[in-house]
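1. Need coordinates for the below:
(chains A and B)
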Amino acid sequence: MKKEIIISGFGGQGVLSMGKILAYSGLMENKEVTWMPAYGPEQRGGTANVTVIISDNRISSPILSSYDIAIVLNQPSLDKFESKVKPGGILIYDGFGVMNPPKRKDIKVYRIDAMDKAAEMKNSKVFNMIVLGGLLQVCPILPDKALEKALYKTLPERHHNLIPLNMEAVGEGRKIINEE
Amino acid sequence: MKGNEAIAHAAIRCGADGFFGYPITPQSEIIETLALLKPWETTGMVVLQAESEVASINMLYGGAGAGKRVLTTSSSPGVALMQEGIAYMAGAELPGVIVNVQRGGPGLGTIQPSQADYFQATRGGGNGDYNVIVLAPNSVQEMADFVDLAFELAFRYRNPAMILSDGVIGQMMEKVVLPPIKPRRTEEQIKKECPWATFGRTADRKPNIITSLELKPEVMEQRNLAMQAKYQKIKDHEVRYEMLRCEDADYVIVAFGSAARIAEKAIEIAREEGIKVGLFRPITLWPFPEKQLTELAKKVKGMLVAEINAGQMIEDVKLAVNGAVPVEHFGRLGGIVPEPQEIVENLKKMM
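-> Here you go, the predicted structure:
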């Protein structure tokens, strides 16, 4: 198993932390992982993105030309990464952030209205966990248990009381993702 | 963890006595992590934010002069400021570790990754005939492992050692096994291992003088010749490199650090297309694995040097290959990191 994933959205949407939780979940399952952020000015206002690779074997480059899975959370990210999904790959987009939906027919496109769901749950911070839930629904690379372990590992102890809420968000994400 | 964080953990675990540094992107996590880990409360290691890079390197000179295991870390513009101090350390034959997490230049440049300080690192960088031992990690694991290795080499040869990394390796997270914990050396151990150090003269010996200054040219020439002999010894014993899939290769990509990781992916893509290509990765950039490349040139049709600069290591590759096969270069500049596919395309161009 090897999945090459790009997650991209606005700075502040939790793109980097989402990638971090995903990478740590892989670690919890004894996979090889890399997490490579596009750091710098992108994080201040523009789009932020992170490349996460999860694999059974040694990982070569943390930087890629094309991806198995692209998770795009705003229009600029979709415009940039739609063409970089491998044929037969997966593209997941958030319906709130994207005005012009993806056009490609040779990939699987999924829509997740995570922003709306987060508003409904009255907690914008669980947005990225909803998206992660959606990802694991359509591409079951890791069990929820690994995700939970990763949350315990990455969140400071004072926030551990929020983990059940985060796992609930993962469950919601699993329910609301739809193939287009 | 991040490559930068690995450096901080490794420094504490390998028994470093002091860190002096000034924050700069993309390596600020090193001093941040040290501040979080508070080693002064556990091992007694000093962590000091200096007022500038010039101050950091001179603190390193002072610490090293007392036989201590000291390191400083910075990124390209900061390391440029340190060059005078590094030349003084080389001239005074002081051990010390300098980490450069490179970013794009010249000048303040950009904060994104680059490998454009290759010449600066491998040619000395400051004034005079000297060399710094240069290690190029290509993973978070090597970031952790090379801290102790750099200290060992620096003390073995009484010479500054540099870890030449970049923003990719510094910022990326990967799995890492942290090195075993070594206690800091006691004053007695330091006195025994570093009889040259200035730890307070006792009545039974002459003063130890640490300086790079010598006004008599005849004496200075002898000192230089002794240093050159030391550099030759380092060249004979400390060359490190890695070869991947070179056994049946028609072509070889030569790359170091993060570029070597990207090249590995390029090789996977090219091999799927039936192109027999391997990777030669210098781990020590100085001493450079010249002989190994000369040998490899006898077996292949050509070499592509992939670097994140305008063509620096290619000069060392060409010197080693000495015209035996064509050697081409591919690189991106100014903080743009090449993609694997770009390397494949450039490989095809030379076939």
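2. Any chance of the backbone angles for B:A92?
-> With angles defined as degrees, to the nearest 10, B:A92 sits at phi -90, psi 0.
3. Hmm, it is touching B:N208, no?
-> No. Checked against C-beta atoms under 8 Å, the pair B:A92 and B:N208 is beyond contact range at 11.1 Å. The way it works is simple: take the backbone N, C-alpha and C, and place the C-beta from them, glycine included.
4. quick one: contacts of the helix or strand B:A55 falls within?
-> Taking DSSP states H and E as the definition, B:A55 sits inside helix B:53-65. Helix B:53-65 is contacted by residues B:17-18, B:20-22, B:48, B:50, B:70-72, B:74, B:78-79, B:81-82, B:84-86, B:88-89, B:92, B:94-96, B:98, B:197-198, B:210 when judged by C-beta atoms under 8 Å, 6 or more residues apart in numbering or on different chains.
5. Could I get the average pLDDT for that helix?
-> Averaging pLDDT along helix B:53-65 yields 98.
6. centre of the chain versus it, how much separation?
-> In terms of C-alpha atoms, centre = their mean, to the nearest Å, the centre of helix B:53-65 is found 18 Å from the chain centre.
7. cool, stretch A:159-169 as well?
-> Centre-to-centre, stretch A:159-169 and its host chain are 17 Å apart (C-alpha atoms, centre = their mean).
8. With stretch B:194-203 instead?
-> Averaging C-alpha positions (C-alpha atoms, centre = their mean) puts stretch B:194-203 29 Å from its chain's average.
9. B:A92 and B:N208: which has the busier surroundings?
-> Taking other C-beta atoms under 10 Å in any protein chain shown, B:A92 and B:N208 do not tie; B:A92 has more neighbours (18 against 15).
10. Just list the residues touching that one, thanks.
-> B:A92 makes contacts with B:61, B:65, B:210-212, as judged by C-beta under 8 Å, 6+ apart.
11. per-residue pLDDT, the closest residue to it other than its chain neighbours?
-> Distances taken as C-beta to C-beta, 6 or more residues apart in numbering or on different chains place B:S212 nearest to B:A92, at 4.6 Å, with adjacent residues excluded. Looking at B:S212, its pLDDT reads 96.
12. Would you mind listing what in chain A touches chain B?
-> Counting by C-beta under 8 Å from any C-beta of the partner chain, the residues of chain A close to chain B are A:20, A:23, A:27, A:32-37, A:39-41, A:59-66.
13. Narrow the contacts of helix B:53-65 to those that are buried.
-> Applying 16 or more other C-beta atoms under 10 Å in any protein chain shown to those, the neighbour count classes B:17-18, B:20-22, B:48, B:50, B:70-72, B:74, B:78-79, B:81-82, B:85-86, B:88-89, B:92, B:94-96, B:98, B:197, B:210 as buried.
14. among the residues you listed, which are in helices?
-> Counting by DSSP state H, those place B:78-79, B:81, B:85-86, B:88-89 in helices.
15. Just name the closest of these to B:W286, please.
-> Closest approach between those and B:W286, by C-beta to C-beta: B:I86, at 12.8 Å.
16. you'd agree that closest one is up against B:R123?
-> No. Using C-beta under 8 Å, B:I86 is not in contact with B:R123, being 11.8 Å away.
17. and the helix ranked longest in chain B with helix B:83-91, angle?
-> Ordering each helix of chain B by length in residues (DSSP H) puts helix B:217-237 first. Here the directions of helix B:217-237 and helix B:83-91 differ by 90 degrees (axes from the mean of the first three to the mean of the last three C-alpha atoms, to 10 degrees).
18. all strands of chain A, in order?
-> Secondary structure of chain A (DSSP state E): strands at A:2-10, A:32-37, A:47-55, A:67-72, A:85-94, A:108-112, A:177-179.
19. most packed of these?
-> Mean neighbours per residue, mean count of other C-beta atoms under 10 Å in any protein chain shown, is largest over the strands of chain A for strand A:67-72, with a mean of 25.
20. interface residues of the stretch 1-150 of chain B facing chain A?
-> The stretch 1-150 of chain B comes close to chain A at residues B:25-26, B:110-112, as judged by C-beta under 8 Å from any C-beta.
21. one more time with 6 Å, if that's ok
-> Neighbours of chain A within the stretch 1-150 of chain B, by C-beta under 6 Å from any C-beta of the partner chain: B:111-112.
22. In the stretch 1-150 of chain B, what residue lies closest to chain A?
-> B:I111 (4.9 Å; C-beta to the nearest C-beta).
23. which residue packs closest to that residue, ignoring adjacent ones?
-> Residue nearest to B:I111 in three dimensions, not counting chain neighbours: B:T25, with 4.4 Å by C-beta to C-beta, 6+ apart.
24. again with B:L244
-> Leaving aside its sequence neighbours, B:L244 sits nearest to B:L279 (C-beta to C-beta, 6+ apart; 4.3 Å).
25. State the number of residues packed around that neighbour.
-> Neighbourhood size, B:L279 [other C-beta under 10 Å]: 22.
26. Run through the bridge partners of it.
-> Beta-bridge pairing for B:L279 (DSSP bridges): B:L244, B:I253.
27. That one is in contact with B:Y251, isn't it?
-> No. With contact defined as C-beta atoms under 6 Å, B:L279 does not count as touching B:Y251 (10.4 Å).
28. Give me the pLDDT value at the most far-flung residue of chain A relative to its centre.
-> For chain A, the largest distance from the centre (C-alpha atoms, centre = their mean) belongs to A:R158, which lies 24.2 Å off. With respect to pLDDT, A:R158 scores 95.
29. now swap in B:M173 and tell me
-> Note on B:M173: pLDDT of 97.
30. Would you enumerate the residues in contact with it?
-> By C-beta atoms under 6 Å, 6 or more residues apart in numbering or on different chains, B:M173 lies in contact with A:35, B:2.
31. 10 Å instead, please
-> B:M173 sits next to A:19-20, A:23-24, A:27, A:33-37, A:50, A:52, A:62, B:1-3, B:5-6, B:140 when contact means C-beta atoms under 10 Å, 6 or more residues apart in numbering or on different chains.
32. pLDDT averaged over stretch A:141-148, what's the number?
-> The average pLDDT for stretch A:141-148 rounds to 95.
33. I'd like to know how far the residue nearest to A:E82 when sequence neighbours are not counted sits from A:K108.
-> With C-beta to C-beta, 6+ apart as the criterion, A:E82 has its nearest non-adjacent residue at 5.2 Å, and that residue is A:P102. Between A:P102 and A:K108 the distance, using C-beta to C-beta, to the nearest Å, works out to 10 Å.
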